[in-house]
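just to be clear, the model below is a prediction. Sequence and coordinates:
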Amino acid sequence: MEGKTLKDDLHVHLSRRERQIMDIIYQRGSATAAEVLGALLDPPTYSAVRAMLRVLEQKGHLEHSRDGRRYVFTPTVPREKATRSVLKNLLDVFFAGSVEKAVAALIDVDAANLSEGDYDRLARMIDKARKEGR
């Protein structure tokens, strides 16, 4: 695809555990292996967490800096850009690239939890996108 870089697809193909680790690091902004281990539900061993952090770094998702004897890991791509990449993949895979189908599915699934204010905000976002030509 023209204009697309490797980093555009970085966060699409992650295992469940890799996503958990990335979520923790995105929530904190940065984290050590010990911090990741402490935040994981049903955590593996410390060595396994360190190995997964190295793999995520090799794949280009993370980078590290040293803080004394510890490595502090930070994401290489801002969360917003990673989110867009994952959403684009979700649209392509499950909704044939159709934003309309995705929004309809979300409203159908969550209709009972949407308030009149939610519908009004969604309508304003749609109007704004229409005016901006998106």
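That came in fine, so what should we check first? Numbers count the residues shown, from 1 in each chain.

please enumerate the helices of the chain.
16-28, 33-39, 46-58, 79-95, 99-110, 116-131 (DSSP state H).

domain parsing for this protein?
The record's domain parsing of the chain by automatic domain parsing lists 12-75, 79-131.

quick one: end-to-end distance for the last one.
So the one you mean is domain 79-131. 27 Å (CA to CA, to the nearest Å).

and the helices of the chain: which comes nearest Gly68?
With CB to CB as the measure, helix 33-39 is the member of these nearest Gly68 (12.5 Å). Using the backbone N, CA and C atoms, a C-beta is placed for each residue, glycine as well.

run a quick neighbour tally on Ala33.
22 (other CB atoms under 10 Å).

quick one: it and Ala48 touch, right?
No: applying CB atoms under 8 Å as the test, Ala33 and Ala48 come out as separate, 9.8 Å apart.

and Arg121, what's its pLDDT?
Looking at Arg121, its pLDDT is 91.

sorry, that was for Asp8
For Asp8, pLDDT reads 44.

same thing with the one 4 residues further on?
Confidence at Val12, expressed as pLDDT, is 55.

for the chain, name the helix or strand with the lowest mean pLDDT.
Every helix and strand in the chain was compared by mean pLDDT, DSSP states H and E; the lowest is helix 79-95, with a mean of 82.

other SSEs contacting it?
Judged by 3 or more CB pairs under 8 Å, 6 or more residues apart in numbering; DSSP states H and E, the packing partners of helix 79-95 are helix 16-28, helix 99-110.
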